[in-house]
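[1] sequence and predicted model, in that order:
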Amino acid sequence: MPAAAAVAVAPLAAEMRWRRPDQPPSDRWRRVAVRPRGGCLLGVSFRPLQAEALGLAPDEVLRRALDLPIDILRVGAYWNRLEPRPGAFEPQALDDTLDRIQQAGRKVVLAVGAVKNFGYPEFFVPAHRLTQPLREGTLVTPDGYPELASAAQEFVGRVVERYRERDCIYAWQVEHEALDPLGLEHSWRLAREFVAGEVALVRSLDPGRPILMNGYVPTSAAVRLTQAWRTRGQGDSVAGALDLADLVGLDIYPRSAVLGAGGRTIYLDGEGLPWNHVPWDRLSRRARKRGSQLLVSEGQAEPWELQTVPPNPAGRVPSSCPPERLIVTYNRGLGPPGLPPLVGAYLFWGLEYWLRREATGDPTYLEALRRVLTES
């Protein structure tokens, strides 16, 4: 192998972990030090669709979330749920959710979409608003898809106008990982001007509240190279957020499964390697220059295995995210060690999974979270 090729391949090989997809539980989550959060708000994303997929009642999941001493919840306004058929607008479930959060004295990041929103499948356009699939490999522009762009702005405006008087609204999230392709299943991307139009609309309707945009932060060389290629031309979602938003959300997933064979799984895990880290210096410098603030919109606290619905192995824990990694990822997600936190909020991703684990006899994920909430 030529020397240059060996140098290029070496980092990728160093990031690969070949192991069983589950492992025996341990009490390491009890011993990991918890970093002080300072003024950083702590919270979770509330995913009713994920609750249903895990066999949980969303109302009960929300109740359990509000029993925790958290500051903030991220809630999605899912277009196809609020507009299930032409001419309909059915916000009662979202009204009730926001009522309960406001009565509990918590804050809300309301993700208004419209095209993309958090929670699988991350695409919630009603079927009657898109009569044919978006073309793979293309940028979805307002000129190329005028009916979709108009309908998306109509929906976003309707949601903002309905909820802008509520005191619990902390920020509006516009789109989800807005400029990135939709997962690995699709290669189309929203064009920057499509998203900028939604941002401008929200600013005009509620100029006093910040706008959040989020993006995936690569934590391995393999993902970094893939993301650079897939987002070429207009940059990735973090770059778009730094240009367009007031709050720049970072989605941090240190370990993910990529391939399984023979009862083993290959994981990408760049943690601890010198070339893999969140680029705090660059991000904080650009955020300060624009007057925006960083936060962690998704900090991995549930498994990223090969299944869409995380596995729940009896008597074992998934290798991509045992309970102690909830704390380790939180510690590193606050910024470089030894410095005050660089993020204004940290939202854990995994509420529904923790409750599912608890229901089957394993409360350790929730106990790890409680350690962060009480000791930080």
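    On my side now, so go ahead.
[2] just say helix, strand or coil for Arg325.
    Secondary structure state of Arg325, per DSSP: H, G, I helix; E, B strand; the rest coil, is helix.
[3] show me the contacts for Leu294.
    Leu294 sits next to Leu247, Val248, Leu250, Leu283, Ser284, Ala287, Leu342, Val343, Gly344 when contact means CB atoms under 8 Å, 6 or more residues apart in numbering. Placement of C-beta: from N, CA and C, glycine included.
[4] one more pass at 6 Å, please.
    Val248, Ala287, Leu342, Val343 (CB atoms under 6 Å, 6 or more residues apart in numbering).
[5] can you confirm it is in a strand?
    Yes: counting by three-state DSSP, one finds Leu294 located in a strand.
[6] please name the bridge partners of it.
    Beta bridges link Leu294 to Val248, Val343 when assigned by DSSP bridges.
[7] on that earlier part again, got CSV for the contacts of Leu294, with neighbour count and distance to Leu306 too?
    Converted to CSV, those look like this (neighbours: other CB atoms under 10 Å; distance: CB to CB, whole Å):
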residue, neighbour count, distance to Leu306
Val248, 29, 30
Ala287, 20, 35
Leu342, 21, 33
Val343, 27, 30
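[8] report the two of those residues separated the most.
    Comparing every pair within these by CB to CB identifies Val248 and Leu342 as the most remote, at 10.9 Å.
[9] thinking again about what came up before, need the contacts of Leu294 in a markdown table with distance to Glu358 and pLDDT, can you?
    As requested, these are exported to a markdown table (distance: CB to CB, whole Å; pLDDT from 0 to 100):
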| residue | distance to Glu358 | pLDDT |
| --- | --- | --- |
| Val248 | 33 | 98 |
| Ala287 | 37 | 96 |
| Leu342 | 32 | 97 |
| Val343 | 27 | 98 |
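[10] looking at those residues, which is nearest Cys40?
    Lowest distance from Cys40 to those (CB to CB) belongs to Val343, with 5.9 Å.
[11] please tell me how far the closest one sits from Leu134.
    Separation of Val343 from Leu134 (CB to CB, to the nearest Å): 33 Å.
[12] now do Gly350
    29 Å.
[13] the more surrounded of the two?
    For Gly350 and Leu134, the more surrounded residue by other CB atoms under 10 Å is Gly350, and the numbers stand at 25 against 20.
[14] export only the CA atoms of whatever helix or strand Leu250 lives in, formatted as CSV.
    Following DSSP states H and E, one finds Leu250 within strand 247-252. Output of strand 247-252 as CSV, limited to C-alpha atoms (Å, rounded to 0.1, in the frame of the first residue of the first chain):
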residue,chain,number,x,y,z
LEU,A,247,-29.1,29.3,18.7
VAL,A,248,-26.7,26.8,17.1
GLY,A,249,-27.7,23.2,18.1
LEU,A,250,-25.1,20.5,18.0
ASP,A,251,-26.2,16.8,17.7
ILE,A,252,-23.4,14.7,19.3
